[in-house]
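A.B. asks: next come a sequence and a model predicted from it.
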Amino acid sequence: MNDSLRILPEIVLTIAGVVVMVVDALMPKASNRKPLGWLAALGALAALAASLWQYQLPPGTAYFGVVQTDAFSVFFHVLIGGILLTSLLITLDAVAPGTEGLGELFALMLFGSVGMMLMSSAVELLLVFVALEISSISTYIMAGFRRKSAKSPESALKYFLLGSFATAFFLYGIALIFGATGTTRVAAIGAAVNGTHAPGLLFAGLAMIIIGLGFKVSAAPFHVWTPDVYEGAPSPVVALMSTGPKAAAFAVLLRIAYGALPQLHGHWVPILWWLAVISMTVGNLGALRQHNVKRMLAYSSIAHAGYILVAFTALSADGVAAASFYAVSYAAMNVGIFAVISHVGGYDDQLTSIDDYRGLGYSSPLLGGAMTLFLISLIGIPFTAGFFGKFYVFAAALHSGMVWLTIIGLINSGLAAFYYLRVAVAVYSRPVEAAPVMSVAKASFPLQLALLLTAAATLILGIVPGNVLNAARAAAQIFYSVGNGN
């Protein structure tokens, strides 16, 4: 029973996913499947409550030491649970009652989140691989869920092929680390590093793991799948896949870098330094050229992956806390902006050009105001989550002597303001040639609730970030309480 409590959120989501699939199979073919979404949301809410309850559990492992419950894993459990719940609400707003395969979509969102949560608590690299595959297979299918769209299957195929290639790198990296240390357990790897007789094998394994996880977080130069997949996948799916898997992958990278291989920081810090620079620069320069909002946000996500990687180079508890806090901030504003895009463009993404958003602030003050809030947060304007996210990341890097990396990050942040403000200006511009103001359907209750959650998180993290920051700092301390030499 004690072991089960340490993976309680995953158990809740698994049961909810199975129930959704069983009920879906028992329902008449022509019946409305949207109530299944509320059932899935109830499961996500229960998993979120279970994650918060786990904070009272003492740190410990389960299932022969392959899963660990601590402040770090619970922090990311809560984050992923919140992302899942909000994404389900967005999906409920976007899809029509007769959408094909709707029950399967809700179940896949639940099962994918099981893998994401398990990634953050796994301390055995083979279990990390299994959890990564659970998450990845679900997102591959969801990316191509609109089978009647030409772009959706194409994006799913590209995502699957490149994702499988990256997974092979990750798995082979695990094999090399096992060959060098004789173990695949995070704590045991850290203890065996200094006594290894095959350091070259260890370095190669580390590089391959970084490549595999670099794909999952869409860091340049492993980002080529991102724009096409974001454009081709349904917007509610993108809201989940652009934040949840990325947060889980960063959690894994933090465990490996700071928990398993802290002694090798002289090797992985330069790699992550360059990945951060390339990601920020490629992402922001690529976004400047986009006229499609979803492709613009895809390149934006590449840049934000770079910002998080800046915190990795700090080699301190503040750096780990800053990376964790930024993951929460990015999730709040990115899920929020995709909630607006999903409602305006619909499940079929009929409106995706920046010009399509002209006059949104007049036709729907709620959606226009929410989108502007998320845009200025992505820029990093004060009193929003994005400001404190970037502040903590760059402060941690600067305190660790990464002056040039901080300067490059600040320049990239200024560059990003151009394309975010271009969308914000369009939202409050009159349509060209005196065309009528765009007509937008009234926001449904699920969408209003999703916007309330994301907007509140964006403002709270920008005005009173103390509670979340303290939780992030507590999560970071697990890497500094066992004498790992960081």
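C.D. replies: Yep, that arrived. From a predicted model like this one, the values you see are computed outputs, not experimental measurements.

A.B. asks: do you know how far residue 310 is from residue 222?
C.D. replies: As judged by C-beta to C-beta, to the nearest Å, residue 310 and residue 222 stand 17 Å apart. Where C-beta positions appear, they are placed from N, C-alpha and C, glycine not excepted.

A.B. asks: cool, and residue 374?
C.D. replies: Distance from residue 374 to residue 222, by C-beta to C-beta: 26 Å.

A.B. asks: more crowded one of residue 310 and residue 222?
C.D. replies: residue 310 (31 against 25; other C-beta atoms under 10 Å).

A.B. asks: the more buried one belongs to a strand?
C.D. replies: No - according to DSSP: H, G, I helix; E, B strand; the rest coil, residue 310 belongs to no strand; its state is helix.

A.B. asks: show the model's pLDDT score for it.
C.D. replies: On pLDDT, residue 310 comes in at 95.

A.B. asks: give the contact list for residue 378.
C.D. replies: For residue 378, the contact set (C-beta atoms under 8 Å, 6 or more residues apart in numbering) comprises 300, 304, 333-334, 337, 386, 416, 420.

A.B. asks: including secondary structure and distance to residue 173, could those go into TSV?
C.D. replies: As requested, the contacts of residue 378 are exported to TSV (DSSP: H, G, I helix; E, B strand; the rest coil; distance: C-beta to C-beta, whole Å):
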residue	secondary structure	distance to residue 173
300	helix	28
304	helix	24
333	helix	32
334	helix	28
337	helix	34
386	helix	32
416	helix	32
420	helix	36
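
A.B. asks: residue 466: neighbour count?
C.D. replies: 10.

A.B. asks: and it, its phi and psi?
C.D. replies: phi -60, psi -50 (degrees, to the nearest 10).

A.B. asks: and the longest helix seen in the chain, how far out from the chain middle?
C.D. replies: The single longest helix within the chain, with elements called by DSSP state H, is helix 151-181. When distances are taken as C-alpha atoms, centre = their mean, to the nearest Å, helix 151-181 is centred 18 Å away from the chain's centroid.

A.B. asks: stretch 175-195 too?
C.D. replies: 28 Å.

A.B. asks: got the contact list for that stretch?
C.D. replies: Residues outside stretch 175-195 that contact it (C-beta under 8 Å, 6+ apart) are 65-66, 123-126, 174, 196, 198-199, 201-202, 204-206, 208-209, 255-256, 259-264, 482, 484.

A.B. asks: mark which of the residues you listed are part of strands, please.
C.D. replies: The members of those all map outside strands under DSSP state E.

A.B. asks: just these: which are in helices?
C.D. replies: Among these, DSSP H puts 125-126, 174, 199, 201-202, 204-206, 208-209 in helices.

A.B. asks: mind giving me the PyMOL select for these, buried ones only?
C.D. replies: Of the ones in helices among the contacts of stretch 175-195, the buried ones can be selected in PyMOL as follows, counting by 16 or more other C-beta atoms under 10 Å:
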select buried, resi 125+174+201+202+204+205+206+208+209
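
A.B. asks: just the ones in helices among the contacts of stretch 175-195: which has the poorest pLDDT?
C.D. replies: residue 199 (84).

A.B. asks: leaving out sequence neighbours, find the closest residue to that one.
C.D. replies: Nearest residue to residue 199 in three dimensions, chain neighbours excluded: residue 180, at 7.2 Å (C-beta to C-beta, 6 or more residues apart in numbering).

A.B. asks: pull up the gap between the one you found and residue 38, please.
C.D. replies: Residue 180 is 50 Å from residue 38, by C-beta to C-beta.

A.B. asks: higher neighbour count, the two?
C.D. replies: Neighbour count, other C-beta under 10 Å: between residue 180 and residue 38, residue 180 has more, with 22 against 14.

A.B. asks: give me the buried positions along the helix or strand following the longest helix of the chain.
C.D. replies: Going down the chain from helix 151-181, the next helix or strand is helix 186-192, by DSSP states H and E. Going by neighbour count (16+ other C-beta under 10 Å), the buried part of helix 186-192 is 186-190, 192.

A.B. asks: what's the pLDDT at the closest residue to residue 267 other than its chain neighbours?
C.D. replies: In this structure, residue 267 finds its nearest non-sequential neighbour in residue 203, 5.9 Å apart by C-beta to C-beta, 6+ apart. As predicted, residue 203 sits at a pLDDT of 92.

A.B. asks: neighbours of residue 203, how many?
C.D. replies: By the measure other C-beta under 10 Å, the count of residues near residue 203 is 17.

A.B. asks: doesn't residue 264 make contact with it?
C.D. replies: Yes - using C-beta atoms under 8 Å, residue 203 makes contact with residue 264 at a distance of 7.4 Å.

A.B. asks: look up how far residue 145 lies from the spatially most central residue of the chain.
C.D. replies: For the chain, residue 243 is the residue whose C-alpha lies nearest the centre (C-alpha atoms, centre = their mean; 2.1 Å). To residue 145, residue 243 is 18 Å away according to C-beta to C-beta.

A.B. asks: likewise for residue 477?
C.D. replies: Computed as C-beta to C-beta, the residue 477 to residue 145 distance reads 40 Å.

A.B. asks: likewise residue 357?
C.D. replies: 24 Å.

A.B. asks: neighbour count: those two, which is higher?
C.D. replies: Taking neighbours as other C-beta under 10 Å, residue 357 and residue 145 compare with residue 357 leading, 27 against 22.

A.B. asks: residues touching the more buried one, list them.
C.D. replies: Contacts of residue 357 by C-beta under 8 Å, 6+ apart are 293, 344, 351, 371, 423, 426-427, 438.

A.B. asks: turn these into CSV, including secondary structure, distance to residue 234 and pLDDT.
C.D. replies: Converted to CSV, the contacts of residue 357 look like this (DSSP: H, G, I helix; E, B strand; the rest coil; distance: C-beta to C-beta, whole Å; pLDDT from 0 to 100):
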residue, secondary structure, distance to residue 234, pLDDT
293, helix, 14, 93
344, helix, 14, 90
351, coil, 14, 75
371, helix, 18, 95
423, helix, 20, 94
426, helix, 23, 91
427, helix, 22, 91
438, coil, 21, 59
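
A.B. asks: of the residues you listed, keep whichever come out buried.
C.D. replies: By 16+ other C-beta under 10 Å, the contacts of residue 357 give 293, 344, 351, 371, 423, 426-427, 438 as buried.

A.B. asks: out of those residues, which is nearest to residue 444?
C.D. replies: residue 344 (13.0 Å; C-beta to C-beta).

A.B. asks: against residue 304, how distant is that closest one?
C.D. replies: From residue 344 to residue 304 the distance is 22 Å (C-beta to C-beta).

A.B. asks: any regions of this structure where pLDDT drops low?
C.D. replies: 1, 431-439, 481-486 (pLDDT under 70).

A.B. asks: my guess is residue 251 contacts residue 77. True?
C.D. replies: No - counting by C-beta under 8 Å, residue 251 sits too far from residue 77 to count as a contact (9.7 Å).

A.B. asks: hey, what's in contact with both of these two?
C.D. replies: By C-beta under 8 Å, 6+ apart, residue 251 and residue 77 have these common neighbours: residue 120.

A.B. asks: for residue 235, which non-adjacent residue is spatially closest?
C.D. replies: Using C-beta to C-beta, 6+ apart, the closest residue to residue 235 is residue 342 (3.7 Å).
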